[in-house]
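Trainee: dropping a prediction and its sequence here:
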Amino acid sequence: MRFNTVLCVVGVLLLNLAGSFCQLDVCGRAPFNTKILGGSNATAGSWPWHVDITSAELRISVCSGSLINKDWVLSSATCINLILDQIVIYLGRRSQFEPDPHEITRTVLNVINHPDYNLSTRDNDIALVQLSSSVNFTDYIRPVCLAADGSVFDEGLSSWVTGWGFTRWRVTTWGDIEIKDSDLPNILQEVEMPIVSNQNCSVAYNGKGVTITDNMLCAGQLNDAFKGPCVLDDGGPLVSKQGLQWIQTGITIMDDACLEKNITGVFTRVSQYQDWINTHISNEKPGFIRVNFTTPTPNTTPDPNPIPDPNPIPDPNPDPIPTLYFPDIFSGSSPSLQLFPLSLTFSIFSLIFCLFI
């Protein structure tokens, strides 16, 4: 009898454990996605986790965030604290100046800043925002997956940034008057940006009073034609696709990077904060997936005695682009996911067994 009781308890615990992975069933999936400054209009529903954080007084988007479960939004601490008393949050929105049939609104119930957040350096610039009430997921409102602790992003990983920040920003002077020439978009903007190593990013920011820490991630092109987040894009998500799921790797910070040449966008590195996020979200934890992006290192040592193939078969579909290797999330990159089917099966059998003892 004691063994049966223990078995029942274990079954219930494993069932609860399986429930903690439920966000992985829905996170990072954008049914209408087939894929800022220098960007283009996003199609409706292509980024269903993107959250518009609006000033009730100004009635424009002042920064962004990402939905990570039905109750919580991830954003930058700087973004939230600047307008905390007047925030209106829009989910499912594509157009900020016209009615959108898919959007809903929420206010803020609670904000949790990272305890080591530093406004002057922007280190640990991350905040959790609790919505005033839960949202129901639709094709236009869905959570994003988050990069898990230990994720690796080598230089060149294709990433995307979204936001309603300025699409044109130019500062000129006329006499003693400073003139700012800028445009705000109506439609949510998207732009593709490759990951830049922290080392190269630090070189780009050398002498600008910015320190790139291990808690940061960089993306963009090191050239004059800046493409990336601009003013009012703060707090928005940087995402990459692995398999069928989109994973948030960064949070936009330093959204004034568009004002200078030859620098990249800077983002808070989400994978550094898995434990902190899980500590503050007790139910329906976000879906964390480990990303292990590496570019294959070519063998540059020539074969001293090459043997030619006497009957070479030409490749009917030659691909000039090097293959990028992404791990199967069920084959070693995420141990918790491997346990999910086993724990769920065992718990169901345990509970059925309990009914007959």
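Mentor: Yep, it's here.
Trainee: if I pick the spatially closest residue to F97 that is not a sequence neighbour, what's in contact with it?
Mentor: Leaving aside its sequence neighbours, F97 sits nearest to N186 (C-beta to C-beta, 6 or more residues apart in numbering; 4.6 Å). To be clear about C-beta, it is placed using only N, CA and C from the backbone, and glycine gets the same treatment. Neighbouring residues of N186 by C-beta atoms under 8 Å, 6 or more residues apart in numbering: 95-98.
Trainee: how close does N186 get to R93?
Mentor: Between N186 and R93 the distance, using C-beta to C-beta, to the nearest Å, works out to 11 Å.
Trainee: that's a helix at D275, yeah?
Mentor: Yes - residue state for D275 (DSSP: H, G, I helix; E, B strand; the rest coil) corresponds to a helix.
Trainee: of the contacts of N186, grab the buried ones for PyMOL.
Mentor: In PyMOL, a selection of the buried entries from the contacts of N186 looks like this (16 or more other C-beta atoms under 10 Å):
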select buried, resi 95+96
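Trainee: need the max-distance pair from the contacts of N186.
Mentor: Q96 and E98 (7.9 Å; C-beta to C-beta).
Trainee: how many neighbours does W72 have?
Mentor: Neighbour count for W72, taken as other C-beta atoms under 10 Å: 25.
Trainee: now L222
Mentor: 15.
Trainee: same question, D233
Mentor: By other C-beta under 10 Å, the residues close to D233 number 30.
Trainee: what do you get for T43?
Mentor: 16.
Trainee: and S132, by the same measure?
Mentor: Counted with other C-beta under 10 Å, residues neighbouring S132 total 12.
Trainee: out of the contacts of N186, which comes closest to T162?
Mentor: Q96 (12.6 Å).
Trainee: give me the distance between that closest one and D149.
Mentor: On the measure of C-beta to C-beta, Q96 and D149 end up 34 Å apart.
Trainee: isn't A42 up against P185?
Mentor: No - using C-beta atoms under 8 Å as the test, A42 is too far from P185 to be in contact (10.0 Å).
Trainee: so where do the strands sit in the stretch 1-150 of the chain?
Mentor: Applying DSSP state E, counting those that start in this stretch to the stretch 1-150 of the chain gives strands spanning 40-41, 50-55, 61-67, 72-75, 87-91, 104-106, 108-113, 127-131, 145-147.
Trainee: need the contacts of N186 in a markdown table with distance to K208 and pLDDT, can you?
Mentor: Converted to a markdown table, the contacts of N186 look like this (distance: C-beta to C-beta, whole Å; pLDDT from 0 to 100):
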| residue | distance to K208 | pLDDT |
| --- | --- | --- |
| S95 | 35 | 86 |
| Q96 | 31 | 85 |
| F97 | 34 | 85 |
| E98 | 38 | 86 |
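Trainee: tell me the one of the contacts of N186 nearest D125?
Mentor: Q96 (23.5 Å).
Trainee: which residues touch that closest one?
Mentor: Going by C-beta under 8 Å, 6+ apart, Q96 touches 52, 54, 60-61, 90, 164, 185-186, 188.
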